[in-house]
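need coordinates for the following:
(one chain, ligands or ions: 1)
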Amino acid sequence: MELRLEGVSHRYGDVEVIRDINLSIPKGRIVCIVGPSGCGKSTLLRFLGGLERPTGGQVTQVGSPPEDSINPLTYVFQDFALLPWRTVEGNISFILADHGVRGARAEAIISDVLARTKLSDFRKALPKQLSGGMKQRVAIARALAVNPAVLLMDEPLSALDSQTRELLMDDLVTLWTRQPFTAVYVTHNLAEAVRLGHRIVVLSRRPGQIREVVEIDTPLESRTLGDPALDRMQKHLWTLMRAEAEAADMELVND
Ligand SMILES: Nc1ncnc2c1ncn2[C@@H]1O[C@H](COP(=O)(O)OP(=O)(O)OP(=O)(O)O)[C@@H](O)[C@H]1O
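You can find the predicted model right below:
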């Protein structure tokens, strides 16, 4: 299944937030969306997930989700959103049960996603016993459990310290390399974008318009920290974003 945004524009009252976005999210690819604060990144993600409708243009699904997809459009948020009174496996079984998946089938899915996210030994742990990085691994495991056609990730690593972010980026690369998934990944962090994105969409300040779409051909598993080509790409992205970010900063002050 592929998602497409066609001429998507949006206003909240008098405020124009997004203008004429045309973009496709190809199957099996990670599309990163970067742009200054307030340019409409999270809003676009809500349109893609069907949580909200744009005031102009269309969001279309091309093709059907896989038959075994329990929840085709699934979010991963910055704040993990785990249920504190449920164990790791309990957080996952809760979502599965909500979609009518119980018993042996749920057990098999839980074991699989915990193994994929290196959490098998933490099955019975409560969220309060886990570090931030582990909590986000649980949130990722829970999202993978419903086998989404498209994973919608809103700043998933922003609440973590930089070392943990590196580890989680490695985990996401390993997960994708073993079993490619389709994702839209919103981030402020250009290092994350060049590490994880097959396609990077740079938005202007509000109203968010596409300034440039950058494709990176280097396979995810070959992208290493300090890779000169990736560093150059990151600098290029920063050049694009710098003026926009400065202007957005001033706008927020003046709002
Ligand atoms: N429900 C809403 N009602 C009114 N204005 C909104 C609403 N949601 C978002 N906005 C405004 O729309 C603009 C875009 O918001 P959005 O959260 O999509 O931006 P963003 O690029 O994700 O920002 P950030 O990087 O700071 O998270 C902002 O100016 C925000 O204040």
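
contacts and neighbour counts: CA atoms only from here.
Fine.

who touches the host helix or strand of Ala115?
Here Ala115, judged by DSSP states H and E, is contained in helix 103-116. Outside helix 103-116, the residues within contact range by Cα atoms under 8 Å, 6 or more residues apart in numbering are 89, 92-93, 96, 120, 123, 138, 141-142, 144-145, 175.

ok, now which ones touch the nearest residue to Arg142 once chain neighbours are set aside?
In this structure, Arg142 finds its nearest non-sequential neighbour in Ile92, 5.0 Å apart by Cα to Cα, 6 or more residues apart in numbering. Residues near Ile92 by Cα under 8 Å, 6+ apart: 110, 141-142, 145.

got a markdown table for those, with neighbour count too?
Shown next, in a markdown table, are those (neighbours: other Cα atoms under 10 Å):
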| residue | neighbour count |
| --- | --- |
| Ile110 | 26 |
| Ala141 | 27 |
| Arg142 | 29 |
| Ala145 | 24 |
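
out of those, which are close to the ligand?
Intersecting these with the contacts of the ligand gives an empty set (criterion: Cα under 6 Å from any ligand atom).

between the residues you listed, which is nearest Thr43?
Thr43 has its nearest neighbour among the contacts of Ile92 in Arg142, at 22.8 Å by Cα to Cα.

go ahead and confirm that closest one touches Ile95.
Yes - Arg142 is within contact range of Ile95, at 7.5 Å (criterion: Cα atoms under 8 Å).

what number of residues lie near whichever residue of the stretch 101-250 of the chain sits closest to the ligand?
Using Cα to the nearest ligand atom, His188 is the residue of the stretch 101-250 of the chain that sits closest to the ligand, at 6.5 Å. His188 is surrounded by 17 other residues when neighbours are defined as other Cα atoms under 10 Å.

what does Arg165 give?
Arg165 has 18 neighbouring residues, counting by other Cα under 10 Å.

for the ligand, what are the nearby residues on this protein?
The interface of the chain toward the ligand, taken as Cα under 6 Å from any ligand atom, is made up of 12, 17, 36-43.

show me the beta-bridge partners of the residue lying closest to the residue of the stretch 101-250 of the chain closest to the ligand once chain neighbours are set aside.
If you skip the residues right next to it in sequence, His188 has Val34 as its closest partner in space, 5.8 Å away by Cα to Cα, 6+ apart. Beta-bridge partners for Val34, by DSSP bridges, are Val202.

hang on, Val34 packs against Arg205?
No - applying Cα under 8 Å, one finds Val34 not in contact with Arg205, separated by 10.5 Å.
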